[in-house]
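Student: Let's see this in three dimensions:
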Amino acid sequence: YSPLTNAVYQPLLNAWVEQTALEWSGRGNAAIRRTIPSPDQLGIAGMVKGYNVSTGEFLWEYKQVAPWLGGLVTTGGGLLFGGDVNRRFRALDQETGEVLWQSILNSRITGGAISYGADGRQYIAVAAGGGSSGSYERFDLTPGIDIEAPQGSNTIFVFALPDSE
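Tutor: Prediction:
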């Protein structure tokens, strides 16, 4: 949520769940579930949507190949930060959803970003690295992403925002 725009921003996985019923043996699940690409938007697994909280009006959406991971954080300067499974950490404009900046990190994002201030400067921090790509069936939704790339060690990246002057 951003009090600046009175909007809420939501990272979404653009996919369907295919479920097949099985005869229940008395133990475990009685279905097989798998995540499949959205048939009407193949190649688009990640999106962010913005909505006005007062009116419910849809404001904008940003679509991309890779699914978003973690949450999003807004700033008083009109920025929206978040990252994805393809190691991209981005700043979007809260008003338009336009990508204003991005950095490729050592590994996929593994936590939501935070904002903090120190000595009059604002910073954005985000965790990346570690984990196993084998547990993420979401990678199957994005054939162009190199999931076999070495996973970097656990790292916290900190970015200083420009002075607002």
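Student: Count the residues that sit near residue 62.
Tutor: The number of residues packed near residue 62 is 21, by other Cβ atoms under 10 Å. C-beta here means a position set from N, CA and C on the backbone, and glycine is covered the same way.
Student: Can you list the strands that the helix or strand bottoming out on mean pLDDT in the chain pairs with?
Tutor: Taking mean pLDDT, DSSP states H and E as the measure, strand 31-37 is the helix or strand of the chain with the lowest mean score, a mean of 82. Based on DSSP bridges, the pairing partners of strand 31-37 within the sheet are strand 15-21 (antiparallel).
Student: Give me the buried stretch members for the partner strand, please.
Tutor: Within strand 15-21, the residues that count as buried by 16 or more other Cβ atoms under 10 Å are residue 15.
Student: Name the surrounding residues that touch that strand.
Tutor: Among residues not part of strand 15-21, those counted as contacts by Cβ atoms under 8 Å, 6 or more residues apart in numbering are 30-39, 45, 67, 138, 141.
Student: Which one (most neighbours) among the residues you listed?
Tutor: Comparing the contacts of strand 15-21 by number of neighbours (other Cβ under 10 Å), residue 45 comes first, having 29 neighbours.
Student: Return the distance of that one relative to residue 65.
Tutor: Between residue 45 and residue 65 the computed distance is 6 Å (Cβ to Cβ, to the nearest Å).
Student: same thing with residue 12?
Tutor: Counting by Cβ to Cβ, the gap between residue 12 and residue 65 amounts to 14 Å.
Student: Check the offset of the least confident helix or strand of the chain from the chain's centre.
Tutor: For strand 31-37, the gap between its own C-alpha mean and the chain's C-alpha mean amounts to 21 Å (Cα atoms, centre = their mean, to the nearest Å).
Student: how many other residues sit next to the spatially closest residue to residue 78 that is not a sequence neighbour?
Tutor: Ranked by Cβ to Cβ, 6 or more residues apart in numbering and with sequence neighbours excluded, the top spatial neighbour of residue 78 is residue 94, at 4.9 Å. As a burial measure, residue 94 scores 21 neighbours (other Cβ under 10 Å).
Student: Which strand residues bridge the most centrally placed residue in the chain?
Tutor: Central residue check for the chain by Cα atoms, centre = their mean: the C-alpha nearest the mean position is that of residue 68, 2.1 Å away. Taking DSSP bridges as the rule, residue 68 bridges to residue 84.
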